[in-house]
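1. From the sequence below, what's the structure:
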Amino acid sequence: MRRLAVVGLLVWSAVLVAQGPPGGPGFGRGPGGGRGMGMMGGASPYVTGAPFSAVQVVQTQESLMDGNTITKKYQTNLARDGQGRVRTEETISGRPGSGEAAHTIVTILDYVAQTRYVLDSKTMTAYQAPLRTPVGMGGARTGERSLVPRVGRNGQDNSPNIARTTLSPQVVNGVLASGTNHVETIPAGQIGNERPIQISRQAWVSNELKVPVQIRSSDPRFGVTVMELTNIVMAEPNGSLFVVPAGYTVKQGRGGPGLGGAVFGGSGAGLQERGPRPAKP
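-> Numbering: from 1, shown residues only. Below you'll find the predicted structure:
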């Protein structure tokens, strides 16, 4: 479950604009807090005319009370075409000693067709579900959280315990990016804490691509999480990446057991098999 919390919540950082997740205490909660860096919730922008592909690398480091540390690293391939369609691909390793072969989980958000697909190479199944297209370039409700604290109409963070700083633009991972730094202080006694807790998050968003290229979140309760968008290629990806491959069986539903159920909230119940797609000649 912890792995799903990290992967499911962080994978979207490279396809969401840093607009602002839930305000109030705990905006910087790490994987143990259930929201990580807020990739799976809030407003998701529908960005067209800015195609790219990249590799997202997420590293978490948790410090234990006995002085020990736990470090984990995750990698996801990302792509977005000029029409705004988004694809993420992650390789899932088999459990140690199980003899299970690695397989891939691919998610395709096709805003043009208003359809979402989750592809499981292990079962050669594509789970299909409706996808609401965001309204306008600023994004709209898609059931996904955003990345940084909410701001009020006056452009300021709603919580008095959050300090927001705009950083001077600079080149990050090969692209020009704008940065923001957020520091939240949870006052002593607010959540049973003896002393104030300070949480920080620094995010750099590409001016051209409108996606985060680097995010660093530090929370003394859960440790440090760093996301880097690497190997960025600003070019149109191959169109075949955004369609269901031949040989996959398409089922209606938000995901099967152990797949969309954990990440997308679907149980897989009531799936309707449509049969395998015929192989192309």
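2. Need the nearest residue in space to residue 125, chain neighbours excluded.
-> Distances taken as C-beta to C-beta, 6 or more residues apart in numbering place residue 249 nearest to residue 125, at 5.2 Å, with adjacent residues excluded. C-beta: built from backbone N, CA, C; applies to glycine.
3. mind listing the helices for this protein?
-> With helices called from DSSP state H, the chain shows them at 2-10, 260-263.
4. hang on, the earlier thing: mind pulling the model confidence for the residue nearest to residue 125?
-> At residue 249, the predicted lDDT confidence score is 95.
5. quick one: the strands in the stretch 1-150 of the chain?
-> Along the stretch 1-150 of the chain, the stretches classed as strands by DSSP state E, counting those that start in this stretch are 41-44, 52-63, 69-80, 86-92, 103-110, 115-120, 125-130, 140-145.
6. about what we covered before: mean pLDDT lowest where, among the helices of the chain?
-> Mean pLDDT per stretch puts helix 260-263 lowest among those, at a mean of 33.
7. What is the burial count for residue 95?
-> For residue 95, the count of nearby residues is 8 (other C-beta atoms under 10 Å).
8. Residue 113 now?
-> 16.
9. I'd like to know how far the residue nearest to residue 125 sits from residue 115.
-> Separation of residue 249 from residue 115 (C-beta to C-beta, to the nearest Å) stands at 16 Å.
10. Same check on residue 61?
-> Computed with C-beta to C-beta, the distance linking residue 61 and residue 115 is 37 Å.
11. Ok, residue 213 next?
-> To residue 115, residue 213 is 28 Å away according to C-beta to C-beta.
12. what does residue 80 give?
-> To residue 115, residue 80 is 16 Å away according to C-beta to C-beta.
13. mind showing which ranges of the stretch 101-250 of the chain have poor pLDDT?
-> Applying pLDDT under 70 to the stretch 101-250 of the chain flags the ranges 133-160.
14. tell me the contacts of residue 173?
-> Residues near residue 173 by C-beta atoms under 8 Å, 6 or more residues apart in numbering: 213, 214, 228, 229, 230, 232.
15. thought the second one was touching residue 230?
-> No: at 9.7 Å, residue 214 does not count as touching residue 230 under the criterion of C-beta atoms under 8 Å.
16. More neighbours: which of those two?
-> Neighbour totals were compared for residue 214 and residue 230, and residue 214 leads with 19 against 14 (other C-beta under 10 Å).
17. ok, the closest residue to the more buried one other than its chain neighbours - how many residues close by?
-> Distance criterion C-beta to C-beta, 6+ apart; nearest residue to residue 214, sequence neighbours excluded, is residue 204 at 4.4 Å. A count of neighbours around residue 204, defined by other C-beta under 10 Å, yields 26.
18. Measure how buried the closest residue to residue 227 other than its chain neighbours is and give me the count.
-> Nearest residue to residue 227, sequence neighbours excluded (C-beta to C-beta, 6+ apart): residue 215, at 4.4 Å. Residue 215 has 25 neighbouring residues, counting by other C-beta under 10 Å.
19. Report the beta-bridge partners for residue 215.
-> For residue 215, the beta-bridge partners under DSSP bridges are residue 203, residue 227.
20. wait, it sits on residue 203?
-> Yes: assessed by C-beta under 8 Å, residue 215 is found in contact with residue 203 at 4.7 Å.
21. Any idea how far apart the tips of stretch 236-252 sit?
-> Terminal residues of stretch 236-252 are spaced 29 Å apart (C-alpha to C-alpha, to the nearest Å).
22. residues in contact with residue 166?
-> Contacts of residue 166 by C-beta under 8 Å, 6+ apart are 178, 179, 180.
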